[in-house]
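Could you work out the structure for the sequence below:
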Amino acid sequence: MGLDIVPDSDHEPAARLPLPESDPQPVRPDPCDDSRNPTVAIIGAGPAGLMAAEVLAGAGCRVSLHDRMPSPARKFLIAGRGGLNLTHSEARAPFLARYGEAADWLAPMLDAFPPARLRDWAEGLGEPTFVGSSGRVFPRSFKASPLLRAWLARLDRLGVRLLRNQRWCGWDAAGALRFATPAGEESLAADAVLLALGGASWPRLGSDGGWVEILRGQGVEIAPLRPANSGARIVWSEAFRSRFAGAPLKRIALSLGERRVRGEAMIDGGGLEGGAVYALSAALREAIAREGTATLLVDLRPDFSDAVLAARLAASRKGESMANRLRKAAGLSPVAAGLLREAGPLPAEAAALAARIKAVPLTVTGMAGLERAISSAGGVRRDMVDGALMLRARPGVFVAGEMLDWEAPTGGYLLQASFATGYAAACGILARLGRPLPAPWSGKWEAGDAAALAGEWSRDDG
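Numbering: from 1, shown residues only. Purely as a prediction, here's the structure:
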């Protein structure tokens, strides 16, 4: 079943979605004038912008979708190279907790467009999903391109106009949108605007944060854009770096203070990359900002207790080399043994050596920059938008996706919130324009808990 974007004539918009606080009266089209449906310009053809385009076009709006790149959703396609982790099968409460301080803000939007709805939507595009052993959700094709092709074809059937190579430059004196195009500057007036320009990570793919100064010039406060889900910068010895750069560290655990994450990482020429690192990147970033550096502890054998590991090491043959003890008794790979030696001379006594293996201290001097980060933290502050994601300083202009001030770890949480905020902003635009809203989600996220944080966009009718 695909995303149901057919308006529900029995559904009262005001009961589901608040109207923009700065303009409580929606702009309703003249019911006697059927010759013109409202126009909506969406700037940014990533997941948030594409989802909003689908909802708005399905409700009868004339939608133009503008992107500065020659082709849409480039970051989405790059994410798909690893299998396209769409969302996560985690229960609702821990899922929401992944968004940290933004959880309460995003909760109503995620309730309206939860993981189960995203999976139904993907299946409706001919891309059924499956849950991996880690709980992450992937399309069965394990690719982004088939899903994107089907999605763009649907948008084309709905009449969405995709305009490429258009860099948004702000507004002119009359309030029209300005675009720099290969043919020169162009202007466009629309009844509503959605900004879905992304953050500032991977700028070569289109999201370069160029919108920040434009919005600041309109009185919109922006939390500084910082790298999120980024690698940890560590100074390796030349011998270790030259031998092991690009080597994976499998089945490890990383700790920072009280936080501990199990997973995998990869040795990079300038530090550590990988999912386990990304899960701690926000905490590492803040610790470095406070202290200048951070100490990351690596447990190279998280399945063994200190006592068990010490007993194995103590049972080694007398006179056996340290290299053999680490390989045979501790079961360390060459890269793990090399990492262990990066922390300094190794103790010979079994208990002390086991303790070192279980907590290898690494000094993190910084985080990889935005150009290498998977996502960015910061963006349009939550108090700059109303409950429908409309800018208070610019009525009629809405914001969605990574432009908003939230962050989340990898594992499907980034894409899920991008889809959900795109859907929420589209509902806000429809409410403002006096158009019928899509049928509300009637499924369940988590048995017995689906309505616990039901908010402005959703009500559990199941």
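
What's the first helix or strand after the worst-scoring helix or strand of the chain on mean pLDDT?
When each helix and strand of the chain is scored by mean pLDDT, DSSP states H and E, helix 13-16 comes last, with a mean of 28. On the C-terminal side of helix 13-16, the closest following helix or strand by DSSP states H and E is strand 39-43.

Show me what that next one is in contact with.
Under the contact criterion Cβ atoms under 8 Å, 6 or more residues apart in numbering, strand 39-43 has outside partners 49, 52-53, 56, 61-67, 168, 177, 188-197, 429, 433. Bear in mind the C-beta positions are built from the backbone N, C-alpha and C, glycine included.

strand partners of it, parallel vs antiparallel please.
In its sheet, strand 39-43 lies beside strand 62-66 (parallel), strand 192-195 (parallel), with partners assigned from DSSP bridges.

Any chance of those in JSON lines with distance to Ala276 and mean neighbour count as columns?
Formatted as JSON lines, the strands paired with strand 39-43 follow (distance: least, Cβ to Cβ, whole Å; neighbours: other Cβ atoms under 10 Å):
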{"stretch": "strand 62-66", "distance to Ala276": "37", "mean neighbour count": "24"}
{"stretch": "strand 192-195", "distance to Ala276": "33", "mean neighbour count": "26"}
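
Output the ones you listed as a markdown table; include the columns mean pLDDT and distance to Val160.
Output for the strands paired with strand 39-43, formatted as a markdown table (pLDDT from 0 to 100; distance: least, Cβ to Cβ, whole Å):
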| stretch | mean pLDDT | distance to Val160 |
| --- | --- | --- |
| strand 62-66 | 97 | 5 |
| strand 192-195 | 98 | 12 |
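
Include distance to Leu147 when you put those strands into CSV, please.
As requested, the strands paired with strand 39-43 are exported to CSV (distance: least, Cβ to Cβ, whole Å):
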stretch, distance to Leu147
strand 62-66, 17
strand 192-195, 21
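
do you know which of the ones you listed lies nearest Lys318?
Closest approach to Lys318 among the strands paired with strand 39-43 is made by strand 192-195 (69.3 Å; Cβ to Cβ).

CA atoms only for the helix or strand just after that closest one, dumped as PDB, please.
Scanning the chain past strand 192-195 towards its C-terminal end, the next helix or strand to appear is helix 211-216 (assignment: DSSP H and E). Output for helix 211-216, consisting of C-alpha atoms alone and laid out as PDB, is shown next (Å, rounded to 0.1, in the frame of the first residue of the first chain):
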ATOM      1  CA  TRP A 211      20.700  29.700   2.800                       C
ATOM      2  CA  VAL A 212      21.900  30.700   6.300                       C
ATOM      3  CA  GLU A 213      22.800  34.300   5.500                       C
ATOM      4  CA  ILE A 214      19.700  34.800   3.400                       C
ATOM      5  CA  LEU A 215      17.400  33.800   6.300                       C
ATOM      6  CA  ARG A 216      19.500  35.700   8.900                       C
END
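
which parts of helix 211-216 are buried?
When burial is assessed from 16 or more other Cβ atoms under 10 Å, helix 211-216 yields the following buried residues: Trp211, Val212, Ile214, Leu215.

which secondary structure elements does that helix contact?
Helix 211-216 makes packing contacts with strand 167-171, strand 222-228 when contacts are defined by 3 or more Cβ pairs under 8 Å, 6 or more residues apart in numbering; DSSP states H and E.

Thanks again, I'm all set now.
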